[in-house]
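Visitor: turn this into a model:
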Amino acid sequence: MDKKIKIILASLIFSSVLVFLVFLYIASVVMNKIPSKIALILGFAVTISDSLAALYIISRPTTPKK
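Guide: Have a look, this model is predicted:
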C-alpha cells in the first residue's frame, strides 16, 4: 500500500471518530436521549478501536514500486 494512501485512510478513520463523538455528545447532552455514562463508555470504546485500526493501517509495510 502506498504511503499517501495509508495516511489518507488513517486520517479518515480519525475524522470518523470525531464525527461519532460529536453525534454522541449531541445525543447524550443536548437531547438527553442516552445516559452520559453509556455515552462515555461508547465513546471510549469506539475511540480505542478506531485508533487501533488506524495504527494497523499505518504500520503495514508499503509495497515497493516497480
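Visitor: give me the below-cutoff pLDDT ranges for this protein.
Guide: Residue ranges of the chain with pLDDT under 70: 1, 65-66.
Visitor: so where do the helices sit in it?
Guide: Counting by DSSP state H, the segments of the chain that form helices are 3-25, 36-59.
Visitor: can I get the ones you listed in CSV including mean neighbour count?
Guide: For glycine as for every other residue, the C-beta is placed from the backbone atoms N, C-alpha and C. Conversion of the helices of the chain to CSV gives the following (neighbours: other C-beta atoms under 10 Å):
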stretch, mean neighbour count
helix 3-25, 14
helix 36-59, 13
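Visitor: for Ile34, which non-adjacent residue is spatially closest?
Guide: Using C-beta to C-beta, 6 or more residues apart in numbering and skipping residues adjacent in sequence, the residue nearest Ile34 is Ser28, 4.4 Å away.
Visitor: for the one you found, which residues are in contact?
Guide: In this structure, Ser28 makes contact with Ile34, Pro35, Ser36, Ile38, Ala39, judged by C-beta atoms under 8 Å, 6 or more residues apart in numbering.
Visitor: ok, of these, which one's closest to Phe14?
Guide: Ala39 (19.5 Å; C-beta to C-beta).
Visitor: and the nearest residue to that closest one once chain neighbours are set aside, how far from Lys3?
Guide: Nearest residue to Ala39 in three dimensions, chain neighbours excluded: Ser28, at 3.7 Å (C-beta to C-beta, 6+ apart). In this structure, Ser28 and Lys3 are separated by 38 Å, where distance is defined by C-beta to C-beta, to the nearest Å.
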